[in-house]
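Enquirer: just a sequence and a predicted model for now, questions to come.
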Amino acid sequence: MAVGEQAWDVAQLGEELGERATLVQFSSAFCAPCRATRRVLDEVASMVPGVSHVEIDAEARLDLVRDAGVLKTPTVLVLDARGREVRRAAGQPRKADVIAALGEAV
């Protein structure tokens, strides 16, 4: 799924979408930047009302990895309230960048 192309839903994510936005993180078990990314996204989601963080194990969900075109972990998708992808980044994000990306989703 490319940016804005198709909406993500609870069946794919395994969790409800956030009321305002959802941060979707593709991770793998032995990825050190994934652990740091989890902390950043959890912190942002707890700071911004209506934003949730969903972490997907890339190794366990190769179907979603392929559908989303994820090439490395961590990859973070920012979804709007309807589940449409508005932003994507690979690698460990900075908190300020995540907050700025949320501005496009809410």
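Expert: In hand now; what should we look at?
Enquirer: pretty sure Gln92 is in a strand, no?
Expert: No: under the criterion used here (DSSP: H, G, I helix; E, B strand; the rest coil), Gln92 is coil, not part of a strand.
Enquirer: for it, which non-adjacent residue is closest in space?
Expert: Nearest residue to Gln92, sequence neighbours excluded (Cβ to Cβ, 6 or more residues apart in numbering): Pro33, at 4.1 Å. All C-beta spots, glycine's among them, are computed from the backbone N, C-alpha and C.
Enquirer: so the spatially most central residue of the chain: helix, strand or coil?
Expert: By Cα atoms, centre = their mean, the mean C-alpha position of the chain lies nearest to Val24, the distance being 1.7 Å. Recorded secondary structure, Val24: strand (three-state DSSP).
Enquirer: all strands of this structure, in order?
Expert: Secondary structure of the chain (DSSP state E): strands at 21-27, 51-57, 75-80, 85-90.
Enquirer: neighbouring strands - and their directions - for the first one?
Expert: In its sheet, strand 21-27 lies beside strand 51-57 (parallel), strand 75-80 (antiparallel), with partners assigned from DSSP bridges.
Enquirer: most tightly packed of these?
Expert: With neighbours taken as mean count of other Cβ atoms under 10 Å, the strands paired with strand 21-27 reach their highest mean count in strand 75-80, at a mean of 23.
Enquirer: surely Pro74 touches Val24?
Expert: No: in this structure Pro74 lies outside contact range of Val24 using Cβ atoms under 8 Å: 10.4 Å.
Enquirer: separation between the residue of the chain positioned farthest from its centre and Leu13?
Expert: Centroid-distance maximum for the chain: Phe30 at 18.4 Å, with Cα atoms, centre = their mean. Note on Phe30: its distance to Leu13, by Cβ to Cβ, to the nearest Å, is 23 Å.
Enquirer: low-confidence ranges, this protein, go.
Expert: Scanning the chain for pLDDT under 70 picks out 1-5.
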